[in-house]
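Colleague: When you get a sec, could you give me coordinates for this:
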Amino acid sequence: MSDATEANGTAGAAGAGGSGAADGGEDGRHVRVVLVDDHRMFRTGVQAEIGQTAETGVEVVGEAADVDQAVSVITATRPEVVLLDVHLPGGGGVEVLRRCAPLTAAAEQPVRFLALSVSDAAEDVIGVIRGGARGYVTKTITGADLVDSIFRVQEGDAVFSPRLAGFVLDAFASTDAPPVDEDLDRLTQREREVLRLIARGYAYKEIAKQLFISVKTVESHVSAVLRKLQLSNRHELTRWATARRLV
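Modeller: Take a look at the predicted model:
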């Protein structure tokens, strides 16, 4: 079964069930959640870890593997919390947040977003928080802590893995917060990821293997990055990334 079919099928079932489908967890709490991640095996693992509604109170009502699927499933199911990966085909988690902004800002039953990513890069954290996410945790989190984070976000709290909270404080709590880097903002999330790996000295084949994409796709991303940043080669790109502490 493809990711697209799986995502749409889950959404349809959830939509038919409405908002009162499952019983709450052992303490009576209940939250409806959508999982957005482009790795199906990871979504399956999260579902197995937290989706036992009778015990955890978490009801997974939909899944999506890219930006378009995410927007469709979130709009159809209106979950209370979305677990959102930062790097997604179609523009990344920031694009999902932008397109779902009306749901996030709704006066009644707002959809709240919790970023769940392997990345702990400052620009990724700050980008999705600026986009409207209520928190950011890394994929090293335990199942129990993830369930707790989901309920805290549902209640309106801001939740961060301990080390990541400092990024947000640095960016938002001070009047001296750094300005938005317009050059960096020209890049998509995937282009930023390729940029960072290139700057760290990875070969194209190594990047392709790590990101589960083809070498040709890596080459296309590098060409796009060089064009957007008006750089000539990977050595200039490395210097550019190092100057911005992206490495």
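
Colleague: so who does residue 33 touch?
Modeller: When contacts are counted by Cβ atoms under 8 Å, 6 or more residues apart in numbering, residue 33 touches 50, 58, 59, 60, 61, 79, 80, 81, 82, 83, 150. Every residue, glycine included, has its C-beta placed from N, CA and C.

Colleague: The third one: what secondary structure?
Modeller: Classification of residue 59 into helix, strand or coil gives strand, according to DSSP: H, G, I helix; E, B strand; the rest coil.

Colleague: how close does it get to residue 80?
Modeller: Using Cβ to Cβ, to the nearest Å, residue 59 is found at 10 Å from residue 80.

Colleague: any common contacting residues for those two?
Modeller: Common contacts of residue 59 and residue 80 (Cβ under 8 Å, 6+ apart): 31, 32, 33.

Colleague: Next, the last one: phi, psi?
Modeller: Reported as degrees, to the nearest 10, the phi and psi values for residue 33 are phi -130, psi 140.

Colleague: what pairs with it across the strands?
Modeller: Residue 33 has the following beta-bridge partners by DSSP bridges: residue 60, residue 81.

Colleague: Could you find the closest non-adjacent residue to the residue positioned nearest the centre of the chain?
Modeller: By Cα atoms, centre = their mean, the chain has its centre lying nearest to residue 85, at 2.3 Å. Spatial nearest neighbour of residue 85, chain neighbours left out: residue 37 (4.3 Å); criterion: Cβ to Cβ, 6 or more residues apart in numbering.

Colleague: Surely that neighbour touches residue 70?
Modeller: No - Residue 37 is beyond contact range of residue 70, at 9.5 Å (criterion: Cβ atoms under 8 Å).

Colleague: what do those two both touch?
Modeller: Both residue 37 and residue 70 are contacted by residue 88, under the criterion Cβ under 8 Å, 6+ apart.

Colleague: now the strands for the chain?
Modeller: Along the chain, counting by DSSP state E, strands occupy 31-36, 58-64, 81-84, 112-117, 135-138, 159-160.

Colleague: got a markdown table for those, with mean pLDDT and distance to residue 75 too?
Modeller: Converted to a markdown table, the strands of the chain look like this (pLDDT from 0 to 100; distance: least, Cβ to Cβ, whole Å):
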| stretch | mean pLDDT | distance to residue 75 |
| --- | --- | --- |
| strand 31-36 | 96 | 10 |
| strand 58-64 | 96 | 10 |
| strand 81-84 | 97 | 11 |
| strand 112-117 | 95 | 14 |
| strand 135-138 | 92 | 22 |
| strand 159-160 | 89 | 24 |
